[in-house]
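>>> show me the folded form of this:
(chains A and B)
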Amino acid sequence: MQYAIMFYETEKNFETRDHREDDSEYWGAWRAYIDEIVASGVVRGGAGLHAPQAATTVRLKDGQRHVQDGPFAAAKEQLGGFFLIEVPDLDAALSWAAKAPCAPTGVEVRPTLPSQM
Amino acid sequence: MQPVEQAVRMSFGRLVAILASRGRDIAAAEDALADAVLAALERWPESGVPAAPEAWLVAVARRRLTDRFRKTAADAALEQSLAILSDLAAADGPESPHFPDERLQLMFVCAHPAIDPGIRAPLMLQTVLGLDAARIAGAFLVSAPTMGQRLVRAKAKIRDAGIPFIVPEPPDLPERLASVLEAIYAAYGSGWDEFEGIDAGGGLAGEAIWLGRVLASLMPADAEAHGLLALMLYCEARRRARRDAKGHYVPLSDQDTTLWSQPMLREAEARLRQAAALGAPGRFQIEAAIQSAHAGARLVGAPDAHVIARLHERLWQLAPRVGVAVARAVAVADAEGPEAGLSLLDEIDPGRVAAYQPFHAARAALLRRAGRGDEALAAYATAIALATDPAVGAYLEQQRRLILS
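Numbers count the residues shown, from 1 in each chain, chains lettered A, B, ... in the order given. Model prediction:
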């Protein structure tokens, strides 16, 4: 089955990311995690996301586009990135999610719909 | 007709577990099994009951499942459906006399951490025992449509989220097993007052005990599985003594012990010994031991309050919940006097017990024993206002009057 594992980060973590030094603890932990999950062969896609300050949200109202600065929902924790992974079941997906450096904040695991492509 | 009903009742959970384990689709498995039962009701009276009725039912149900997958294959995950099809083809054929018992896997699925804790017990009662939603709804005090909807949603979650039909491996096993035990105990407690042990009617105690038997037979080396079964049997053994002829609540100390079920008590004792021999103490074994001590005290007439208090202390360490804290305070009061119990009650966070009737009832009783009449009256008033069971309310009212007289 295919799952999206979605990584939620705190404001503080997003700040840390902006000062990208290769030896910093934050990136070291992510590097190790990304290397491990990629090497395992389960990854089908994914991306890291810029901080929510870089987000723009558009809502269509009466045919009019309302464009707004900021993420879809205001929250202390925001989506920081995701992987699409192919694993046998939810338990396997949860194991990968629990290993993520941001697991203390939270990782959402959702099955993907069957691809129509 | 008789053999069909019998085959279904005895083996519903086994058949659902077998049919659902590959596709992870419990609802589809139940539908297919229902179709197979209908087919059996039509055919068996004419053709006679097949030599292996369960195998017949599984074979027909599998064909229904296969048809269903074929129909949905075009617009759903084609690859997955095909994989399931080949699994179905490779699995035990109907000619095989022995089907694997996959009910344990089914129980772990129902109590998976990804499933809302509140629906785990109903889910288990429906999928393992085949109870209908309306019957379960009554015991859990919700309407039948609400319960039906929750069950449908939970089954969809199992299918869509890909919860595996497996028995978890050792590092995860203890915690996952604890959820299974919790769910069975919740099924037993449905329709009961947690602390007073009152049967409020419509409970599913017998069904929960059946689940407990299934679990203990499938995990014979697990001490807590036997402990839970022992605990339920101890409580069940006293069911008839809990109310007098007029339906009034009778506390354990006043119960007519001739109304206790001796076979159930013997079985409970045997289960508890079996659990203890496995050398892995746990919450349910200790609760069962407390029940055993109370029962023994009444039957032999020599209650050892200190032993009971020590058991409550162990239980509190293993399961620090409000209900356990209240019971422990009462046990300590029996051993060391009411003031000792009252000071334990005072340690409980008042916010957590403001609306918890057993806390106020216990406090009232201890205050009365400590000779603090005015405070006891106030505590009884609070407890009576919170009592949802009229029989318990009446009992508390009667206790309150004892102070006034």
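>>> near chain B, which residues of chain A show up?
Residues of chain A that fall close to chain B, judged by CB under 8 Å from any CB of the partner chain: A:M1, A:Y3, A:P88, A:D89, A:L90, A:D91, A:A93, A:L94, A:V109, A:R110, A:P111, A:P114. In short, each C-beta sits where N, CA and C put it, glycine included.
>>> next one: stretch B:26-46 to chain centre, how far?
Centroid displacement of stretch B:26-46 relative to its chain, using CA atoms, centre = their mean, to the nearest Å, is 28 Å.
>>> how about stretch A:42-52?
For stretch A:42-52, the distance to the chain centre is 5 Å (CA atoms, centre = their mean).
>>> which stretches in the chain count as strands?
Using chain A here. A:2-9, A:43-48, A:56-61, A:64-69, A:78-86, A:107-111 (DSSP state E).
>>> let me rephrase: I mean chain B.
Taking DSSP E, the strands of chain B run over residues B:192-193, B:198-199.
>>> check those for me: which has the lowest mean pLDDT.
Note on the strands of chain B: lowest mean pLDDT is at strand B:198-199, with a mean of 44.
>>> tell me which residue lies nearest the centroid of chain A.
By CA atoms, centre = their mean, chain A has its centre lying nearest to A:G81, at 2.2 Å.
>>> and the residue nearest to that residue when sequence neighbours are not counted, how many neighbours does it have?
Computed as CB to CB, 6 or more residues apart in numbering or on different chains, the closest residue to A:G81 that is not its neighbour in sequence is A:G48, at 3.9 Å. Residues lying near A:G48 (other CB atoms under 10 Å in any protein chain shown) number 13.
>>> where does A:G48 land on pLDDT?
Looking at A:G48, its pLDDT is 93.
>>> which of the helices and strands in chain A ranks last by mean pLDDT?
helix A:11-18 (a mean of 85; mean pLDDT, DSSP states H and E).
>>> helices and strands around that helix, which ones?
Secondary-structure packing of helix A:11-18 (3 or more CB pairs under 8 Å, 6 or more residues apart in numbering or on different chains; DSSP states H and E): helix A:25-39, strand A:78-86.
>>> can you redo those as a markdown table with mean pLDDT and distance to B:Y395?
Listed next are the helices and strands packed on helix A:11-18 as a markdown table, based on pLDDT from 0 to 100; distance: least, CB to CB, whole Å:
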| stretch | mean pLDDT | distance to B:Y395 |
| --- | --- | --- |
| helix A:25-39 | 93 | 59 |
| strand A:78-86 | 97 | 54 |
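>>> quick one: closest of these to B:A225.
Across the helices and strands packed on helix A:11-18, B:A225 has its closest neighbour in strand A:78-86 (34.5 Å, CB to CB).
>>> list the buried residues of the closest one.
Under the neighbour-count criterion of 16 or more other CB atoms under 10 Å in any protein chain shown, strand A:78-86 has A:Q78, A:L79, A:G80, A:G81, A:F82, A:F83, A:I85 buried.
>>> can you say which of the residues of chain A next to chain B are buried?
A:M1, A:Y3, A:D89, A:L90, A:D91, A:A93, A:L94, A:V109, A:P111.
>>> you'd agree the first one is up against A:D91?
No. Using CB atoms under 8 Å, A:M1 makes no contact with A:D91, being 11.0 Å away.
>>> tell me how far B:G282 lies from chain A.
According to CB to the nearest CB, to the nearest Å, B:G282 and chain A sit 24 Å apart.
>>> phi, psi for that residue please.
Main-chain dihedrals, B:G282, degrees, to the nearest 10: phi -160, psi 180.
>>> helices of the stretch 251-400 of chain B, residue ranges please.
B:262-277, B:283-300, B:305-318, B:322-336, B:338-347, B:350-353, B:357-369, B:373-386, B:390-404 (DSSP state H, counting those that start in this stretch).
>>> swap that for the stretch 1-150 of chain B, please
Taking DSSP H, counting those that start in this stretch as the criterion, the stretch 1-150 of chain B contains helices spanning B:2-23, B:26-47, B:53-73, B:78-90, B:103-110, B:117-129, B:133-139, B:144-161.
>>> for chain A, find the nearest of those.
helix B:144-161 (5.0 Å; CB to the nearest CB).
>>> counting contacts, what elements does that closest one pack onto?
Packing partners of helix B:144-161 (3+ CB pairs under 8 Å, 6+ apart): strand A:107-111, helix B:26-47, helix B:117-129, helix B:133-139.
>>> what residues sit buried inside the longest one?
Of the residues in helix B:26-47, those scored as buried under the neighbour-count criterion (16+ other CB under 10 Å) are B:26-33, B:35-37, B:39-40, B:44.
>>> can you put the residues you listed in a markdown table and add distance to chain A?
Compiled in a markdown table, those are given as follows (distance: CB to the nearest CB, whole Å):
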| residue | distance to chain A |
| --- | --- |
| B:I26 | 15 |
| B:A27 | 17 |
| B:A28 | 16 |
| B:A29 | 17 |
| B:E30 | 21 |
| B:D31 | 21 |
| B:A32 | 22 |
| B:L33 | 23 |
| B:D35 | 25 |
| B:A36 | 27 |
| B:V37 | 29 |
| B:A39 | 31 |
| B:A40 | 33 |
| B:W44 | 37 |
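>>> generate a markdown table for those, with pLDDT as supplementary columns.
Shown next, in a markdown table, are the buried residues of helix B:26-47 (pLDDT from 0 to 100):
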| residue | pLDDT |
| --- | --- |
| B:I26 | 91 |
| B:A27 | 91 |
| B:A28 | 91 |
| B:A29 | 91 |
| B:E30 | 90 |
| B:D31 | 90 |
| B:A32 | 91 |
| B:L33 | 90 |
| B:D35 | 91 |
| B:A36 | 90 |
| B:V37 | 87 |
| B:A39 | 90 |
| B:A40 | 88 |
| B:W44 | 87 |
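>>> B:R328 is nearest to which of the helices of the stretch 1-150 of chain B?
In terms of CB to CB, the element of those nearest to B:R328 is helix B:117-129, at 23.9 Å.
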